[in-house]
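Trainee: turn this into a structure:
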Amino acid sequence: MGLFSSLKDAIFGSAEAKEVAVKKAPPPPPAAVAPPPPVLQPVDLDETLAYMAEKRGQPSNYKTSIVDLMKLVGMDSSLANRKEMAQELGYTGALDGSAEMNIWLHKAVMAKLGEAKA
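Mentor: Okay, here's the model as predicted:
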């Protein structure tokens, strides 16, 4: 399993994602018998990440920083891991931890996460 899969699983499989889905589920109709279990809504990436950041209570720039995004989900954001994920996602530039690489990586990760939730 690659680093992107680990990141995706850390978001979509998180307790926070389940909590957000339950909050968004429509309330059950009133009934005399036990209601069916709530139908969970698909994971909302933006709401889940915001909720994760709120629960951790630490400043985070996860919306634009790959390092902060990785830290938010409990991943090692070292240069070695960012290089590995960049290669995994098809980055062809210098794997030097530059702003260019990190910006590209963040955009690529967010795009793939958007595809995964659809």
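Trainee: isn't Leu95 up against Met101?
Mentor: Yes: look at Leu95 against Met101 with CB atoms under 8 Å: they come within range, at 6.5 Å. Where C-beta positions appear, they are placed from N, C-alpha and C, glycine not excepted.
Trainee: next, show the common contact partners of these two.
Mentor: Ala86 (CB atoms under 8 Å, 6 or more residues apart in numbering).
Trainee: neighbour-wise, which of these two wins?
Mentor: For Leu95 versus Met101, neighbours defined as other CB atoms under 10 Å are more numerous around Met101 (19 against 15).
Trainee: gap between that one and Ala108?
Mentor: Separation of Met101 from Ala108 (CB to CB, to the nearest Å): 10 Å.
Trainee: list the buried residues of the biggest helix by length in the chain.
Mentor: The single longest helix within the chain, with elements called by DSSP state H, is helix 99-117. By neighbour count on 16 or more other CB atoms under 10 Å, the buried set for helix 99-117 is 101-102, 104-106, 108-110, 113.
Trainee: many thanks, I have nothing further to ask.
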